[in-house]
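Asks: how would this look folded up:
(one chain, ligands or ions: 1)
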Amino acid sequence: MASRQMYLIVAIIVAVLPAVTLAKEFIVGGDKGWTVGVVDYQAWANASEFHVGDKLVFNYPPGKHTVCKVDGAAFKSCTVPPPNMTLTTGNDTVTLATTGKKWYICGVGQHCAKGQKFSITVQPAVIAPASPPMGGGAEGPNSSGFQVLMVAIVATAMMVWA
Ligand SMILES: [Cu+2]
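Replies: Numbering: from 1, shown residues only. Next up, the predicted model:
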């Protein structure tokens, strides 16, 4: 009987796991935001690991800058794409949907040539581990929520099948 309960609990945990990913939100440039001549965006990007499901948030005064997703060639030459490919709201969120290399530039004036640009390599989505590290907090705010969720699931399963 006890082994059947264990099996059910494990089955529930496995069923729930794929839905739980540790997506992160990255504020491009941190407190400085998306600007020109202040932040080394490539250094900023190099300091983080990006995964599918993560979000890039570009904060800037609308009209001062734009956000353009470009290819490698346009990135090098700072070639600005058509306006319909450009984000302009000043609080633009880009969800990283696929793996691989991505390039972002500002489309205003000479900002790109002055360094308002960066590239990242997006890695596959992170699936939450079955037993998250305890007492770390390094995984971000989703980690503790995940632990609470897992405890709730196990507790519920034990009540139902005990
Ligand atoms: Cu700009």
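Asks: so where's the protein shaky on pLDDT?
Replies: Where the chain drops to pLDDT under 70, the residues are 1-3, 6-21, 129-162.
Asks: how is it carved up into domains?
Replies: Split into domains by automatic domain parsing, the chain comes to 1-22+127-162, 23-126.
Asks: this structure against the ion: which residues are in contact?
Replies: Residues of the chain lying close to the ion (C-beta under 5 Å from the ion) are 36, 65, 106, 108, 111, 116. Where you see a C-beta, it was placed from the backbone N, CA and C, and this is true even at glycine.
Asks: surely the fifth one forms part of a helix?
Replies: If I follow you right, that is residue 111. No. According to DSSP: H, G, I helix; E, B strand; the rest coil, residue 111 belongs to no helix; its state is coil.
Asks: related to what we said a few turns ago, just the buried ones out of the residues of the chain next to the ion, please.
Replies: Among the residues of the chain next to the ion, the ones that count as buried by 16 or more other C-beta atoms under 10 Å are 36, 65, 106, 108, 111, 116.
Asks: in stretch 25-42, what's buried?
Replies: Neighbour-count burial for stretch 25-42, counted by 16+ other C-beta under 10 Å, picks out 26, 28-29, 33-36, 39, 41.
Asks: relative to residue 124, which of the residues you listed is nearest.
Replies: The closest of the buried residues of stretch 25-42 to residue 124 turns out to be residue 26 (C-beta to C-beta; 16.9 Å).
Asks: quick one: strands adjacent to the host helix or strand of that closest one?
Replies: Following DSSP states H and E, one finds residue 26 within strand 25-27. According to DSSP bridges, strand 25-27 forms sheet pairs with strand 55-59 (parallel).
Asks: returning to that earlier point: as CSV, the residues of the chain next to the ion with secondary structure would be great.
Replies: Listed next are those as CSV, based on three-state DSSP:
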residue, secondary structure
36, coil
65, strand
106, coil
108, coil
111, coil
116, coil
